[in-house]
Structures are given as structure tokens and as C-alpha cells.
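> A predicted structure for the sequence below; I have some questions about it.
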Amino acid sequence: MSVEELKQRLSYDAATGTVRWTITYSSHAIKGKEAGCVNAAGYKVIRINKKLHLAHRIAWAIEHGAWPDNEIDHINGDRLDNRLVNLRQATHAENSCNTKMQSNNTSGFKGVHRHKNGWRAVIKSGGRTRCLGVHVSKEAAAKAYAKAASLYHGNFVRLTSLEACHLNSI
């Protein structure tokens, strides 16, 4: 679908992140009504011509006049926050850096897991898993991860507040 056709059907408010129908398209797509629904992955999706489109990609296309070349990253990690200030283009690797801690994490720190001799810190970067050492405490391992994440992931780093405190104390 061309961006011009998209703009004929939808409008985007960059301040709120809301996408609305500009024409009545069907019984569900009514002029002025917010477009889309939330899918199982937690993203807002909009059906156009029997095809689902991610609302954040639509927002980017409307605002920039072209479909994004890469993935669109939600800076704050909130998949429903489609305000323009919260969206940026990212490669798949960059987008992966900005993920939340996994739900099965037992250390409370991203990149830190139990090891037979203490706590091991690891980070993935450039297609490689890098061991950052085994530490006596999970806090020390988190500090090593935070430092490496800042180095390897740059602006795409996502740390817990405690990890960020450790990074600031380096």
C-alpha cells in the first residue's frame, strides 16, 4: 500500500500516538474512530484491505512520508505507546538490545545468571555471546553487564533502574 493511499484512509496524531480513520471504510472503520486493536503480542494492529499492519509502522509512514526501511523500536518498551517521540528506526539487532528482562529471570538483573562458582554475566553483541566473568555477587555481575551493555548497545541499551544506578557509579 502506498503512503498516499494510507494518508487518505488514516490520520496520525504524533503527540498522542493515535491513529484514526479519515473515512468510513466499513462497519468497524468509521470516520474519526480510533483504528485498530491489540494483537496477542501486545502491538496495536490495523486491518486494511484484509491485511494487518502494525500501527507504529503506519504512524512512521504517515509522519515521514515513506515506509520504514528497518524495524521500528519503541524506545520506552511500551508496545502501545506510538507517540512519535517514542519511535525510532532500528535494525533487528538494535531492537533486540532494547528488550525487557525475561520473565523467567531469577537473578533480577538482565544478562546475569547463577553459576556454580557465583554469578555469571553475559551479553550478546554482534552475533556473539560474550562472557563478562563470574562474580561473587549478582550485583557485581549486574555492574559488569551494565558497563558492557552501555559499550556494546549504546542508545539501545535497556537496564533495570538498579542496573542503571550501578552503571552511574562506575
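Received, thanks.
> Which residue, other than its chain neighbours, is closest to the residue lying farthest from the centre of the chain?
In the chain, counting by CA atoms, centre = their mean, Asn117 sits farthest out from the average C-alpha position, at 34.0 Å. Computed as CB to CB, 6 or more residues apart in numbering, the closest residue to Asn117 that is not its neighbour in sequence is Val134, at 5.2 Å. From N, CA and C alone the C-beta is placed, and that goes for glycine too.
> So the one you found sits against Gly118, correct?
Yes - at 4.9 Å, Val134 counts as touching Gly118 under the criterion of CB atoms under 8 Å.
> can you list residues touching both of these two?
Common contact partners of Val134 and Gly118 (CB atoms under 8 Å, 6 or more residues apart in numbering): Ala141.
> Distance check, the residue nearest to Asn117 against Leu87.
Taking CB to CB, to the nearest Å as the measure, Val134 falls 38 Å from Leu87.
> and the longest helix along the chain, what's its mean pLDDT?
Longest helix in the chain by number of residues (criterion: DSSP state H): helix 138-153. Average pLDDT, helix 138-153: 83.
> in it, what counts as buried?
For helix 138-153, the neighbour count (16 or more other CB atoms under 10 Å) marks 138-150, 152-153 as buried.
> Of those residues, which is the nearest to Glu94?
Minimum distance to Glu94 across the buried residues of helix 138-153 is 7.8 Å, recorded for His153 (CB to CB).
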